[in-house]
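Peer 1: Sequence and predicted structure below; questions after.
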Amino acid sequence: MTAVAPPTPAWLRWVRLAARTRVEEARSAWRGGSGGVHAQIDDITADTPWPAGTGRDADVLAAARAAALADPAFGRLVRECGLGDRECEWVALLAAVQVDPRWERLLGYLGDDLRPGAVTPAAAALLWRWPPGTQPGPAGAAVRWLLAAPAGAQPWAAACPWGVDPDVVGYLCGTQDWWRFWGGLDLPGEPEAHCLFPELLDELRAAALALTGQGCGVELELTGPRGSGRRTLLAQLCRDLGLRPLLVTDPGLGVRALRTARLLDAVPLEAPEAEAEAEAGAAAVRLLLRATGVRAGCDGPPVRLTWRLPGLDRRSRLLLWSRDTDLPAPAAVREWTMTPGEVRAAAAAVPAGPRAVTAVVRRRLGAVSTTLLNPVHCPYGWEDLVVAEPVLEQLKGIENQVRMADGVLDEWGFGRLTPGSRGTTALLAGPSGTGKTMASQVLARSLGLDLFRVDLAEVVNKYIGETEKRLAQVFDECERCDVLLLFDEADALFGQRTRVRDAHDRFANIEIDYLLQRMESFDGVAVLTTNRKSDLDPAFLRRIRVVVDFLPPSPEERLRLWDSAVPAFGAGGVPVSEDVDRAWLAAELDLTGAEIKSVALSAAFLARGQGRLITTGHLLDAARRELAKRGAVLRTESPAPARTGQATVLLTGPAEVAR
């Protein structure tokens, strides 16, 4: 079966007929008769026979030009790029030589040269009989739309060779998927019918119709983290407006992407693949709409309108989850701040079990920078925390506020009372060693959050403005990654503002002012600890939702701490202590929880070094060393006090520890 050759495009037939006319003219002036090079040129021009019937060459070429402009592909290229008469001829010649390189010999032939000739403005002027001085320049539409470009050292000389964009030739020849040549372009499928942000969609639609109807181009920009639904929402807008979006993932395409969109009768939707631009902040996705009824070459600069895509509330997350799976939503989906992309990634991991769902969510949320933040291990649970009952109730209240935030703020509508922030901030204040950091670890573990401590040595910088930049990075990363942020020794950062006596005071106050604003708008979970509550600026205390005052442990609490720190048996049931009067130690030694742990650890090493089990004597020796850190001296008549009270513990030093 003989293959049928595709029909010759009208624009290509036009160029070939023009070339055949010039060949015949050159033939009449060529000496030596027919044959040789003449026959070779005849073979090239024989692809396009002369139209039947008689007629002047000018009439034939005029008809061929009209047919080329009526060609759907060539005509659209001319209209959309605003090509003039000479540029039409120029682009058509460049594309024709790209289709059939033999035409380089024909151009040389027209120039009275047996060697192949490059496609130059001089060759085009000879072929099309341009007036003297006519040639493409940098201000022409062909150059502005990157249809063609010079390739020589003197780009605007008449003898400089030119080249045409390969995708333009593919478009003119009807090549399938010609627009994929450069990469970074895609025609997305039909967007989802359900819109997660219907009110914002209505607002976008109204703005687009109002501006384009008034003859203005409009650039609609949505900002938000990756996976927040920016592409989907703009694709839904295109569907509502009856437009076809062209997804542009390579921002370097620039004019080529806009040209491709116009040739496809689409609108460019710019959504860069590499979104390192705002991994922790708001990356932009843009949709460029043209004014209705305005010719391509007359478009003015578009009006840019920007919206920030809101986060998903609890109800929207559960709705999105239910559309992808019938299983109940895990705690991560119910309680964490997640984007639509993260919800869908979690739903895809459902067959692998709950642990896999949580792991996928954590990985999608991203990794927190370890330069400014240090991860803190969370081995403790509520049963390990020994504090006063009122303190424990307040800590449980912090946990409940984090867990129930969506229900109270969204479902009950109390979000109107905190329009600037949805986060939870707490201050844990009290003497050193009373369990503030441990309480932060317990909260993080109970909430299923990773705990990160702010590295003050990295955050605080001597250069003006640098501290604020690093603090902004800390807050942004923790909001995105859904972790618990710990400011240990918070008085170092959140100190009181002072009177401005010099430039140092002014910039120090600017840092505190920035912290005040950022804490108020923080949407995550932050815990501040301090043992100098009075040093904090009062404005911070107003912005902190929960303040918990830790107290030194009571004798009952100290007994629980001694029982936990010095057990009778260790791992595997091995005895580790004997004859330890924990009740006496709790009643007589006024130590904090951290000091009791330190005493127990030191006593364990003492006893192990002696080859014995831990006794009260070892604990008292370790207690003397611990008390010496705060300038106190512990004296006893017996290393192992009896329960009858025969032993006496005396204290000399700045503070009373035992009686």
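Peer 2: The structure has been received and is ready for your questions.

Peer 1: Quickly list the domain ranges of this protein.
Peer 2: The domain map for the chain lists 10-178, 185-308, 314-364, 373-549, 555-652, with the assignment taken from automatic domain parsing.

Peer 1: Now tabulate these in a markdown table and tack on mean neighbour count and mean pLDDT.
Peer 2: C-beta here means a position set from N, CA and C on the backbone, and glycine is covered the same way. Supplementary listing: these in a markdown table, determined by neighbours: other C-beta atoms under 10 Å; pLDDT from 0 to 100:
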| stretch | mean neighbour count | mean pLDDT |
| --- | --- | --- |
| domain 10-178 | 17 | 83 |
| domain 185-308 | 17 | 83 |
| domain 314-364 | 18 | 79 |
| domain 373-549 | 17 | 80 |
| domain 555-652 | 17 | 81 |
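
Peer 1: wait, residue 179 sits on residue 167?
Peer 2: Yes. Contact status for residue 179 versus residue 167: in contact at 6.4 Å, counting by C-beta atoms under 8 Å.

Peer 1: Could you tell me which residues touch both of these two?
Peer 2: Contact criterion C-beta atoms under 8 Å, 6 or more residues apart in numbering; residues bridging residue 179 and residue 167 by contacting each: residue 260.

Peer 1: tell me the SS of the nearest residue to residue 307 once chain neighbours are set aside?
Peer 2: Here the nearest residue to residue 307 in space, its sequence neighbours aside, is residue 222; by C-beta to C-beta, 6 or more residues apart in numbering that works out to 5.6 Å. Secondary structure state of residue 222, per DSSP: H, G, I helix; E, B strand; the rest coil, is strand.

Peer 1: ok, residue 222 - contacts?
Peer 2: Residue 222 makes contact with 230, 233, 234, 284, 285, 286, 306, 307, 308, 309 under the criterion C-beta under 8 Å, 6+ apart.

Peer 1: Tell me which of these fall in helices.
Peer 2: Helix and strand membership here follows DSSP state H; of the contacts of residue 222, those in helices are 230, 233, 234.

Peer 1: Surely the first one and residue 236 touch.
Peer 2: It refers to residue 230. No. Here residue 230 lies out of contact with residue 236, judged by C-beta under 8 Å, at a distance of 11.0 Å.

Peer 1: Confirm that residue 163 sits in a helix.
Peer 2: No. Under three-state DSSP, residue 163 falls outside any helix and is assigned strand.

Peer 1: Nearest to residue 586 among the ones in helices among the contacts of residue 222?
Peer 2: Residue 586 lies nearest to residue 230 out of the ones in helices among the contacts of residue 222, by C-beta to C-beta, at 59.5 Å.

Peer 1: got the contact list for that closest one?
Peer 2: Taking C-beta under 8 Å, 6+ apart as the criterion, residue 230 is in contact with 222, 223, 224, 271, 283, 285, 309.

Peer 1: The same query, at a cut-off of 7 Å, please.
Peer 2: When contacts are counted by C-beta atoms under 7 Å, 6 or more residues apart in numbering, residue 230 is found next to 222, 224, 271, 285, 309.

Peer 1: Kindly report the same for residue 207.
Peer 2: With contacts taken as C-beta under 7 Å, 6+ apart, residue 207 has the following neighbours: 218, 305.

Peer 1: Okay, it and residue 132: tell me how far apart.
Peer 2: When distances are taken as C-beta to C-beta, to the nearest Å, residue 207 and residue 132 turn out to be 51 Å apart.

Peer 1: for residue 215, same thing?
Peer 2: Counting by C-beta to C-beta, the gap between residue 215 and residue 132 amounts to 40 Å.
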